[in-house]
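Q: Fold the stuff below for me.
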Amino acid sequence: MTNGIIQVGLYFLIIVALTPPLGAYMARVFGDEPTYLDPVMKPVERLIYRSCGIRPGVEMTWSQYALALLMFSLVGLLTLYAIERLQGLLPLNPQNLPGVPPGLAFNTAVSFNTNTNWQAYAGETTMSYLTQMAGLAFHNFVSAAAGIAIAIAIIRGFVRRTVKTLGNFWVDLVRATLWILLPLCIVLALVLVWQGVPDNFSPYTHAKTLEGTQQVIAQGPVASQEIIKELGTNGGGFFNANSAHPYENPTPLSNLIEMITIFAIGAGLTYTFGLMAGDRRQGWALFAAMAIMFLVGATVAITSEQHGNPAIAALGVNTTASASQSGGNMEGKEVRYGIVDSALWATVTTDTSCGAVNSMHDSYTPLGGLVTLVNIQLGEVIYGGVGAGLYGMLVMVVLAVFIAGLMVGRTPEYLGKKIEAREMKLAMLYVLIFPAIVLFGIAAAMVVPSALASISNPGPHGFSQVMYAYSEAAANNGSAFGGLNANTDFYNWTLAIVMLFGRFMMAIPALALAGSLGPKKSVPTSAGTFPTTGALFVALLIGVILIVGALTFFPALALGPIVEHLSMVGGKLY
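A: Residues are numbered from 1 along each chain as shown. Predicted coordinates for the structure are as follows:
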């Protein structure tokens, strides 16, 4: 336990230390204030604007911003689909991999286009170098940049006064890519290369083992894709084993760096919000709510995994620290990292919309698996995906101040703006879309024979596998519980639809909410104004998030990990 406290504490302190400088830098970037990168990036930015016909000084209303997002995403989706289907005819394919089948190609194109990066395939045996770089890695950048752009636009709607516009989508997209994602990835990719992550165009290496067996060792441009996978909370692995693979994550230091990058931008955006709102305490309040939920989830996950499986203890095996059970439940975990780093990573990656994993969630104890599911089903607001986590949290803030207003009997306000009927309708639309698409997907999978045939475990654990798949798809998370054969026509198409709805049918109401708040005047603070920077508000906000998630998903969770835990305590395993 001491080891867990030290490692989680160190990780959290690093995140706290990085939040102000990174958040302040992003505020300068999107405020078009001078930065050290301007001499390099400004000429590139101007060239992009001229070549694409972008007028950077022209701002957009929320509907124009949403339309630009949709059109950009549509073109990107179709382009990626074409690259996948034609990869057998394209260069940079030393393994001569054929084109990707239609259903899988569409699912993958949607997945990377929506910042989900769910993978129903093994990367090293399915995708060529060109597809990995020009297709998947490109979308790792632009889907993350689009998420940041949406968040910045929504912040403007919350903090501006009597303004109908939210900025320019193309400018925000370009600046997020050039000033934030690209320079960080260049530096950190070199750090990963230093740690042993390969980055080359070499054909796969053929080696002979000591037993004389031929072994194929995959190569490729790994480091350059690994870092944007984490920094952009994308999660699509170059290899099927994802960040448990020694070429993606070779050392304890690389493991720590990659975990830090998963949280970095999501945490930094809370500080950006505080600066743009003119009150840093507003940003720290959001950060505090996220931090409390993260620390509670990490504690439960680590403790549950360290206690191990009582069924193994019943056989006379010590499930704490022993030679046969090294500190608890080691099933599905990489021995280089052990239980603490594995459970911490699982918590971090499901708190955000990052699908990267360094252990298999399917092998976690029921309570450990419950933490990953709950993190996702809370709407990915615990730091969340780059951008998406912040605007999801701001929707929850609207609900929280509305409830506070009902308690004190006055019209709710946030940042001096009244929250009225239109804002509440849009907030509720945002909140209801997520569980609707998740639960409808689960229901369909539970009655279609071909979908049921993909489940590898009977009973509640098999149900958890399906519930996890649709939850992560709707939340654009991309990680897999494991054990579910999702490379079938049913799952490829239904999960693709859920991913599209989870990205765009939630971003659009959030933009509309910001568009509704932008033109409003500021209301002076009075004695009756509910403060939104103190401990009371943080507690109320966490309560609203938990109640919304619990009321929506508790029945489904009761059929999955909760009943599985009770069965395990009673001596029955699935």
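Q: for Ser243, what are its contacts?
A: Residues near Ser243 by Cβ atoms under 8 Å, 6 or more residues apart in numbering: Glu226, Glu230, Gly237, Asn249, Asn255, Glu258, Trp345, Ala356, Val357, Asn358. C-beta here means a position set from N, CA and C on the backbone, and glycine is covered the same way.
Q: let's go with 10 Å and repeat that
A: 226, 229-230, 235, 237, 249, 254-255, 258-259, 262, 334, 337, 345, 349, 354-359 (Cβ atoms under 10 Å, 6 or more residues apart in numbering).
Q: Over to Thr177?
A: Contacts for Thr177 (Cβ under 10 Å, 6+ apart) come out as Met41, Val44, Glu45, Ile48, Phe141, Val142, Ala144, Ala145, Ala146, Ile148, Ala149, Cys185.
Q: okay, how far is it across stretch 516-536, tip to tip?
A: Terminal residues of stretch 516-536 lie 27 Å apart, using Cα to Cα, to the nearest Å.
Q: distance between that stretch and the chain's centre?
A: Put simply, stretch 516-536 sits 30 Å off its chain's centre (Cα atoms, centre = their mean, to the nearest Å).
Q: buried residues in that stretch?
A: Residues Ser516, Leu517, Gly518, Lys520, Phe530, Thr532, Thr533 are the ones in stretch 516-536 that count as buried (16 or more other Cβ atoms under 10 Å).
Q: Take those and lay them out in a markdown table including distance to Ile542 and secondary structure.
A: A markdown table is the format used below for the buried residues of stretch 516-536 (distance: Cβ to Cβ, whole Å; DSSP: H, G, I helix; E, B strand; the rest coil):
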| residue | distance to Ile542 | secondary structure |
| --- | --- | --- |
| Ser516 | 25 | helix |
| Leu517 | 23 | helix |
| Gly518 | 27 | coil |
| Lys520 | 27 | coil |
| Phe530 | 16 | coil |
| Thr532 | 13 | coil |
| Thr533 | 15 | coil |
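Q: Relative to Leu406, which of the residues you listed is nearest.
A: Of all the buried residues of stretch 516-536, Leu406 sits closest to Phe530, with 10.7 Å by Cβ to Cβ.
Q: ok, the closest residue to that closest one other than its chain neighbours to Lys333 distance?
A: Spatially, and ignoring its direct neighbours in sequence, Phe530 is nearest to Ala404 (4.5 Å; Cβ to Cβ, 6 or more residues apart in numbering). Separation of Ala404 from Lys333 (Cβ to Cβ, to the nearest Å) stands at 43 Å.
Q: The two: which has the busier surroundings?
A: Taking other Cβ atoms under 10 Å, Ala404 and Lys333 do not tie; Lys333 has more neighbours (25 against 22).
Q: That one contacts Asp362, correct?
A: No. Assessed by Cβ atoms under 10 Å, Lys333 is found out of contact with Asp362, at 11.6 Å.
Q: returning to that earlier point: could I get the buried residues of stretch 516-536 as CSV with pLDDT and distance to Pro98?
A: As requested, the buried residues of stretch 516-536 are exported to CSV (pLDDT from 0 to 100; distance: Cβ to Cβ, whole Å):
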residue, pLDDT, distance to Pro98
Ser516, 95, 49
Leu517, 95, 50
Gly518, 93, 50
Lys520, 92, 56
Phe530, 84, 60
Thr532, 91, 55
Thr533, 92, 57
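Q: tell me the two of the residues you listed that are most distant?
A: Applying Cβ to Cβ across these, the maximum distance is between Ser516 and Thr533, 23.2 Å.
Q: which residues touch the residue nearest to Phe530?
A: Ala404 touches 410, 412-414, 419, 530-532, 536-537, 540-541, 544, counting by Cβ under 10 Å, 6+ apart.
Q: Please, which helix or strand holds it?
A: In this assignment (DSSP states H and E), Ala404 forms part of helix 388-408.
Q: Equivalent analysis for Ala291, please.
A: Assigned by DSSP H and E, Ala291 belongs to helix 280-307.
Q: which helices and strands sit right next to the next helix or strand after that helix?
A: With elements assigned by DSSP H and E, the helix or strand that comes after helix 280-307 is helix 310-313. Using 3 or more Cβ pairs under 10 Å, 6 or more residues apart in numbering; DSSP states H and E, the elements in contact with helix 310-313 are helix 563-569.
Q: so how far is the helix it packs on from its chain's centroid?
A: Mean-position distance between helix 563-569 and its chain equals 29 Å (Cα atoms, centre = their mean).
Q: by contact count, what packs against that helix?
A: helix 310-313, helix 366-377, helix 459-474.
Q: The ones you listed: which one's closest to Ala267?
A: Set against Ala267 and scored by Cβ to Cβ, the helices and strands packed on helix 563-569 come closest in helix 366-377, at 15.3 Å.
Q: That closest one relative to helix 280-307, how many degrees between them?
A: 150 degrees (axes from the mean of the first three to the mean of the last three Cα atoms, to 10 degrees).
Q: counting contacts, what elements does helix 366-377 pack onto?
A: With contacts taken as 3+ Cβ pairs under 10 Å, 6+ apart, helix 366-377 sits against helix 280-307, helix 338-351, helix 421-445, helix 459-474, helix 535-557, helix 563-569.
Q: Could I get the ones you listed in TSV, plus columns for distance to Asn242 and mean pLDDT?
A: Converted to TSV, the helices and strands packed on helix 366-377 look like this (distance: least, Cβ to Cβ, whole Å; pLDDT from 0 to 100):
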stretch	distance to Asn242	mean pLDDT
helix 280-307	18	95
helix 338-351	10	94
helix 421-445	23	95
helix 459-474	13	94
helix 535-557	25	92
helix 563-569	24	90
